[in-house]
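Asker: Sharing a model prediction with you, sequence too.
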Amino acid sequence: MIDFDPLYSTSKIEAIERFIDKHYVLGSPVSCRLLQRGLNDVYLVSLTSSERYVFRLSHHRARGPANVKSETAFLTHLSELGVPVAAPIPTRDGTLFLQGQAPEGARDAALFQAIDGRAPLATDLGDAWANGKTLALLHNAAGTFRPDEALYQLDLEHLLHRPLARIRDCGLVEEASVLSELRQIAERTETAIKVFGNLTWTYCHGDCHGFNSRINEAGEAVFFDFDDGGPGYLAYDLAVFLWAQVSFGRASTAAWAAFVDGYRSVRPITPDDFEAAFRFVIVRHFWLMGEYASRAREWGSNSVGWITEGVTFLRTWETERLLGRLF
């Protein structure tokens, strides 16, 4: 009998090591270290031969199951075309992901190549340029990928409307005026985006904020963490990087300009996609607020209370940056 039904459990390191040894052929027993717990559980996997991998247990999320089948297929496609990414490692059975049982239910698991190199620097324009270039290479390669198994589309329903509903339903935003303003901003943003008649649809990384990469010795940005990817608006994939430069008190546009230059060194950006990216900054912030709102029962209200202040950024970006932006 379980008195306290777990919402989210953390596995013992020894159990993770046994699971990897059982399902993967790596040549020698593994040693694991927990790197991150939260959005997913991520482990560094080391072998005596100095080989390193990254093991990820996907989290149960409000959106539904992990998009791991499409994610690993896309990563394999990118790797085969020479795009610098952390490729998935096949299991003993040749599959690219599998499931393990946790107290709260089944969780998807995948093993990836570990990436050599350093973390990008927020103020390094060369790192921003490299991130833009790799995203462009990714979008070029996406043109020949068929995401038949994708569970989610990065459309306005997924990125804007459902997150707004989670904010409304989480109970942390009590002021009716704030909820009303959020709804109005969302409506205006959707209307503005729909004015663009020819936005590019592609397979997106989904979380290209500049730090889901490592800079290798060649100066390339090697991408990882495609957990939020899927078919969606190219403008949104661009906007995530811009959002990271201007949200939460940051106000850097130099890195955004370098990122765009890096992207354009590989492929052009249509005028509609470029202009829509500024609107999608708002969409990205809604998505993040909704993601945190959906975790209130797990992380606690203190950890997600910042979403009540999210309207300030949205209001400022809409009224001050979109009406007369200086980019």
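Answerer: Done, it's in. Nothing here was measured: the structure is a model prediction, and the numbers come from that model.
Asker: switch to C-alpha atoms for all contacts and neighbour counts from now on
Answerer: Noted.
Asker: ok, longest helix in this protein?
Answerer: Longest helix of the chain, by residue count under DSSP state H: helix 271-293.
Asker: quick one, helices of the stretch 1-150 of the chain?
Answerer: For the stretch 1-150 of the chain, applying DSSP state H, counting those that start in this stretch gives helices covering 13-23, 68-80, 125-142.
Asker: So which of the ones you listed is nearest H161?
Answerer: helix 68-80 (23.2 Å; CA to CA).
Asker: Mind giving me the packing neighbours of that closest one?
Answerer: Applying 3 or more CA pairs under 8 Å, 6 or more residues apart in numbering; DSSP states H and E, we find helix 68-80 packed against helix 125-142.
Asker: got the angle between the helix it packs on and helix 68-80?
Answerer: Per axes from the mean of the first three to the mean of the last three CA atoms, to 10 degrees, the angle that helix 125-142 makes with helix 68-80 is 110 degrees.
Asker: List of residues touching helix 125-142?
Answerer: 77-78, 81, 83-84, 120-122, 202-205, 208, 210, 213, 215, 219-223, 254-256, 258-267 (CA atoms under 8 Å, 6 or more residues apart in numbering).
Asker: tell me the mean pLDDT for it?
Answerer: Averaging pLDDT along helix 125-142 yields 98.
Asker: next one: stretch 76-91
Answerer: In the prediction, stretch 76-91 has an average pLDDT of 98.
Asker: So for it, what gets flagged as buried?
Answerer: Buried positions in stretch 76-91, judged by neighbour count with 16 or more other CA atoms under 10 Å: 76-79, 83-91.
Asker: chain center to it: distance?
Answerer: Counting by CA atoms, centre = their mean, to the nearest Å, stretch 76-91 is centred 17 Å from the centre of its parent chain.
Asker: So which of the contacts of helix 125-142 are in helices?
Answerer: Residues of these located in helices (DSSP H): H77, L78, A254, A255, W256, A258, F259, V260, D261, G262, Y263, R264.
Asker: Help me confirm that the second one comes into contact with P88.
Answerer: No. With contact defined as CA atoms under 8 Å, L78 does not count as touching P88 (10.8 Å).
Asker: Strands along the stretch 201-327 of the chain, start to end?
Answerer: 201-204, 213-215, 221-223, 230-233 (DSSP state E, counting those that start in this stretch).
Asker: Show me what counts as buried in the first one.
Answerer: Right, strand 201-204. Here strand 201-204 shows W201, T202, Y203, C204 as buried, counting by 16+ other CA under 10 Å.
Asker: residues of the longest helix of the chain that come out buried?
Answerer: 272-293.
Asker: Please apply the same query to stretch 94-103.
Answerer: For stretch 94-103, by 16+ other CA under 10 Å, it's L96, F97, L98.
Asker: Ends of it, what's the gap?
Answerer: 27 Å (CA to CA, to the nearest Å).
Asker: Which residues does it contact?
Answerer: 6, 8-9, 11, 68-69, 72-73, 88-91, 106-111.
Asker: now S177, what's its secondary structure?
Answerer: Secondary structure, DSSP: H, G, I helix; E, B strand; the rest coil: S177 is helix.
Asker: Repeat that for the one 10 residues further on.
Answerer: Of the three states, E187 takes helix according to three-state DSSP.
Asker: Quick one: the buried residues of stretch 76-91 as TSV, columns for distance to R63 too.
Answerer: Compiled in TSV, those are given as follows (distance: CA to CA, whole Å):
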residue	distance to R63
T76	24
H77	25
L78	25
S79	27
V83	28
P84	28
V85	25
A86	24
A87	24
P88	23
I89	26
P90	26
T91	27
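Asker: between these, which is nearest R61?
Answerer: Of all the buried residues of stretch 76-91, the one with the least separation from R61 (CA to CA) is P88, at 21.6 Å.
Asker: R146 versus the closest one, what's the distance?
Answerer: P88 is 18 Å from R146, where distance means CA to CA.
Asker: follow-up on the earlier one: apply the buried test to the contacts of stretch 94-103 and list what passes.
Answerer: For the contacts of stretch 94-103, buried by 16+ other CA under 10 Å: 68-69, 72-73, 88-91, 107-111.
Asker: from those, which two are the most distant?
Answerer: Between any two of the buried ones among the contacts of stretch 94-103, the greatest separation by CA to CA is 18.4 Å, found for A73 and R107.
Asker: which residues of the stretch 1-150 of the chain score low on pLDDT?
Answerer: 1-2 (pLDDT under 70).
Asker: Put the buried members of the contacts of helix 125-142 into a PyMOL selection.
Answerer: Buried residues within the contacts of helix 125-142, by 16+ other CA under 10 Å, are selected in PyMOL with:
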select buried, resi 77+78+83+84+120+202+203+204+205+208+210+213+215+220+221+222+223+255+256+258+259+260+261+262+263+266
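Asker: Need the strands of the stretch 201-327 of the chain in TSV (columns: distance to S177 and mean pLDDT).
Answerer: Below are the strands of the stretch 201-327 of the chain laid out as TSV (distance: least, CA to CA, whole Å; pLDDT from 0 to 100):
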stretch	distance to S177	mean pLDDT
strand 201-204	34	97
strand 213-215	39	98
strand 221-223	40	98
strand 230-233	31	97
